[in-house]
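Participant: Need coordinates for the following:
(2 chains)
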Amino acid sequence: MDNKRIRLEDIPKINPVHTPDHYFEDLPQRIQARVQQNPTKVLKPHWTARHSWLTAGAAASVAILMYLSWPTRQDSIGVETLSQLKTEDIVQYLEHENVSLQDLSDTEKNKMLIDSLGNQPLPQVKISNKEIMEQLSLEDFEDVI
Amino acid sequence: MTDQELLDKFANPETRNYAFNLLVRKYQQKVYGLIRKMVIDHSDADDLTQETFIKVWQHLETFRGDSQLYTWLYRIATNETFNFLNKKRRRFFLSLDSVDHELEAKIDADPLLSGDDIQNKLQKAILRLPEKQRLVFHLRYYDEMPYEEMSEVTGTSEGALKASYHHAVKKIEEFLNGN
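Facilitator: Okay, here's the model as predicted:
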């Protein structure tokens, strides 16, 4: 009895589907023609409550950064900005502001340095009198002295 | 041409139409074959195949490559097919059995289906399966698709698909022996 049973594996596996002649030759053209009337969809942003929170967070971050950087930008003058000025212009500006060269050299920092030296010779400089006199003669400073 | 090369060419607006044409030529027989076996009627299968490829055209840019291109195509094709069968049932207030009987009648009437007696009987047996199980059977039996890829197409676990196919074969053999 079992021997007469039809089993799926006994049936030849053939493709049951047939198409009209030239069907697969024409199909791409027909699809292409329809596709020209259906341009690819552009994804539009979908606004959600999550987007709103993200946007608010980003805006707050920008505001905090601007607040923190604003005083720094006001007080600082870049080296590049100063380097673009001529020396004469700087001197003219200082004169206009009644700042003399003496004032510039007499800053608190310079004063402290000078005071710390006192009348003592620089300890690191080991130059003999003979060497000094030789250097003066080379620089033609004898007349000045 | 590999699927990746097709996708690269599709991404370029200058070669998009060319790439799409190649894609259609590469997969049209598989997509049509699956749809045709599900809906039986050639003109319905023709419409659904075109709709499938139009959807592919519209959404291929969003294809992320998480699955293989052809399993993605099959997923679109099966969605289109199930939507079509559901609409047909709703439109004519038909039950599942009525639709299956209508399709069964088409098997006898359609000259484009193999007329061999046992093949004819096999097609009728397959039509007795629930739609999703019928899809599982076609993918496994005719397309010899691995269960892993079937899982990508159907969104069902491999274990469930194996069980479904096993039961489908039993039901078909019962029908073949009972008639």
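Participant: Within range of chain B, give me the residues from chain A.
Facilitator: By CB under 8 Å from any CB of the partner chain, the residues of chain A that approach chain B are A:5-8, A:11, A:13-20, A:23-24, A:27-28, A:30-32, A:34-35, A:38, A:40-41, A:43. For every residue, glycine as well, the C-beta is placed using N, CA and C.
Participant: mind redoing it with 6 Å?
Facilitator: By CB under 6 Å from any CB of the partner chain, the residues of chain A that approach chain B are A:5-6, A:8, A:11, A:16-18, A:24, A:27-28, A:31, A:34-35, A:38, A:40-41.
Participant: what stretches of the chain score poorly on pLDDT?
Facilitator: Just going to use chain A. A:1-3, A:38-51, A:70-83, A:97-128, A:130-145 (pLDDT under 70).
Participant: please go with chain B instead
Facilitator: Along chain B, segments meeting pLDDT under 70 span B:92-115, B:179.
Participant: Find the residue at the geometric middle of it.
Facilitator: Nearest residue to the geometric centre of chain B (CA atoms, centre = their mean): residue B:34, 3.2 Å.
Participant: and that one, what element?
Facilitator: Element membership for residue B:34 (DSSP states H and E) is helix B:16-39.
Participant: right, and the helix or strand after that helix?
Facilitator: helix B:42-59.
Participant: which strands and helices sit next to that next one?
Facilitator: Packing partners of helix B:42-59 (3 or more CB pairs under 6 Å, 6 or more residues apart in numbering or on different chains; DSSP states H and E): helix A:23-35, helix B:16-39, helix B:69-91.
Participant: So which bits of the last one are buried?
Facilitator: The neighbour-count check on helix B:69-91 (16 or more other CB atoms under 10 Å in any protein chain shown) flags B:69-78, B:80-81, B:84-85 as buried.
Participant: How about it and chain A, any contact?
Facilitator: No. Helix B:69-91 does not reach chain A (CB under 6 Å from any CB); its nearest approach is 12.9 Å.
Participant: Now for residue B:146, how many residues are close by?
Facilitator: A count of nearby residues for residue B:146, using other CB atoms under 10 Å in any protein chain shown, gives 12.
Participant: Over to it: give its phi and psi.
Facilitator: phi -60, psi 150 (degrees, to the nearest 10).
Participant: what's the spacing between stretch B:171-179 and its chain's center?
Facilitator: 23 Å (CA atoms, centre = their mean, to the nearest Å).
Participant: Show me what it is in contact with.
Facilitator: Outside stretch B:171-179, the residues that touch it by CB atoms under 6 Å, 6 or more residues apart in numbering or on different chains are A:5-6, A:8, B:125, B:128.
Participant: Please save the CA atoms from it in CSV.
Facilitator: Provided in CSV are the C-alpha atoms of stretch B:171-179 (Å, rounded to 0.1, in the frame of the first residue of the first chain):
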residue,chain,number,x,y,z
LYS,B,171,-0.6,18.2,3.1
ILE,B,172,0.3,18.1,-0.6
GLU,B,173,1.1,14.4,-0.4
GLU,B,174,-2.2,13.7,1.4
PHE,B,175,-4.1,15.7,-1.3
LEU,B,176,-2.2,13.8,-4.1
ASN,B,177,-3.1,10.5,-2.6
GLY,B,178,-6.6,11.3,-1.6
ASN,B,179,-7.7,12.5,-5.0
